[in-house]
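[1] A structural model of the following input is requested.
(one chain, ligands or ions: 2)
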Amino acid sequence: MASIAIYPQEQPHSVDFSLYSHGAQSQKQKVALELIRSIRETGFCRLSAHSITKENIDRVFSHANTFFKLPVDIKSKVKHPEASNPHRGWTEVGRETLSTVADYEKDAKLDKPIILDIKESFDMGHTHDPLFQNMWLPEEDIPGFRADMERFYEECRLQHLELLEALELGCTSVLGFTPNFKALCGKSPSECRMNHYPATRSSVLQSGGNCNRISPHSDFGTLTLLFQDGVGGLEFEDQACRGRFFPVTCDSRYEMLVNAGDVLQRWSNDFFRSVNHFVTLPMAMKNGHGVGNGEDVVPERTSVVFFGKADWEADVGSLPGFEQPETKKYEHMTSLQYNQIKLKATYDTATPSIATVK
Ligand SMILES: O=C(O)CCC(=O)C(=O)O
Ligand SMILES: [Fe+2]
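    Residues are numbered from 1 along each chain as shown. Ligands and ions are numbered 1, 2, ... in the order given. Below you'll find the predicted structure:
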């Protein structure tokens, strides 16, 4: 495999994806190369003019706000099972600890204690996922929720495949061969999640404490599509310096952040690397600065995430072309096996009690 220099950056590049979707071949090529460059340098890319409609983004954020405000006994009707599987339904605050998977696929392991995550979430997959069934509340509890989530999932599913196609095009010109990323994701095992981070005292999130909104972790799949509200606090790890994080700039909930997951790293034998990221105090509140409300409270925050995944039976070892016999890093295992290893680690820690602000 050709060796191509990368220069880690403090901000992901911003790419107008309409030039890929609707452009001439030369424009597609240009966008594909920009995408590859940003992902290689930062693990992230900011995407404007993507194909998820504003209406669907608005609807999904509105449902997230309604869903998480429902009484516990209603949300409990779709409570995530105690075990890590099936990874569906509502997970209450404090149940998941992403810090336990922080060092997967990273060479230098950092010595870190378990950190508690102050978030609740709702997970769903494809309606026809062969292994795991979705969990839905009765329609009268949250009208339109199921239909809108399924519509959003479908738009993200297609966008994920188009992004993989763009990576394939870029690899063809940079590396001289075409990897088959897209063909390995045709059966839609991808998963969609809404995260809600309740309002929290800022002292709880100060560095040196044992809580985060979500702890440093890399996503398990291929590419993640992330939408967030305007509160901020998302940071990503410098690909060249473990333990050093930069805040991600994001203009609005309509801008899509794309980040590389572990399966893309494994397939590409480290040509692409997954990126550790976490959510903490927004920059404006770091170093003792308030946000103007005079209280030491970090406002609640919502994000909606689509985790692109490989077909459950697909191999997630290094792919031909990327692998060299002497440098091959990742052994064969199925996407399901890999996913379960990481998922189990996030759910198999004790449920902590956490002080949030009502
Ligand atoms: O809320 C965010 O901005 C990040 C969420 C995230 O990283 C995840 O759910 O894996
Ligand atoms: Fe993540």
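
[2] which residues of the stretch 51-200 of the chain fall in strands?
    89-91, 116-117, 120-125, 191-197, 200-201 (DSSP state E, counting those that start in this stretch).

[3] among the ones you listed, which comes closest to ligand 1?
    Minimum separation from ligand 1 across those (C-beta to the nearest ligand atom) falls at strand 191-197, 4.7 Å. Using the backbone N, CA and C atoms, a C-beta is placed for each residue, glycine as well.

[4] ok, the closest one: who's next to it in the sheet?
    Strand 191-197 has the following strand partners under DSSP bridges: strand 120-125 (antiparallel), strand 301-307 (antiparallel).

[5] quick one: low-confidence parts of this structure?
    1-8, 96-114, 207-209, 287-295, 325, 328, 347-358 (pLDDT under 70).

[6] in it, what residue comes closest to ligand 1?
    Closest approach of the chain to ligand 1 (C-beta to the nearest ligand atom) occurs at residue 303, with a separation of 3.2 Å.

[7] can you count the residues close to that residue?
    25 (other C-beta atoms under 10 Å).

[8] how about residue 200?
    Neighbours around residue 200, by other C-beta under 10 Å: 24.

[9] that one contacts residue 117, doesn't it?
    No - when contacts are counted by C-beta atoms under 8 Å, residue 200 is not listed as touching residue 117 (11.2 Å).

[10] which neighbours do the two share?
    Counting by C-beta atoms under 8 Å, 6 or more residues apart in numbering, the common neighbours of residue 200 and residue 117 are 211, 213.

[11] for the stretch 251-358 of the chain, just list every one of the helices.
    Secondary structure of the stretch 251-358 of the chain (DSSP state H, counting those that start in this stretch): helices located at 262-267, 335-347.

[12] export those as TSV, with columns for mean neighbour count.
    Formatted as TSV, the helices of the stretch 251-358 of the chain follow (neighbours: other C-beta atoms under 10 Å):
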stretch	mean neighbour count
helix 262-267	26
helix 335-347	19
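
[13] can you redo these as JSON lines with distance to residue 188?
    Formatted as JSON lines, the helices of the stretch 251-358 of the chain follow (distance: least, C-beta to C-beta, whole Å):
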{"stretch": "helix 262-267", "distance to residue 188": "15"}
{"stretch": "helix 335-347", "distance to residue 188": "12"}
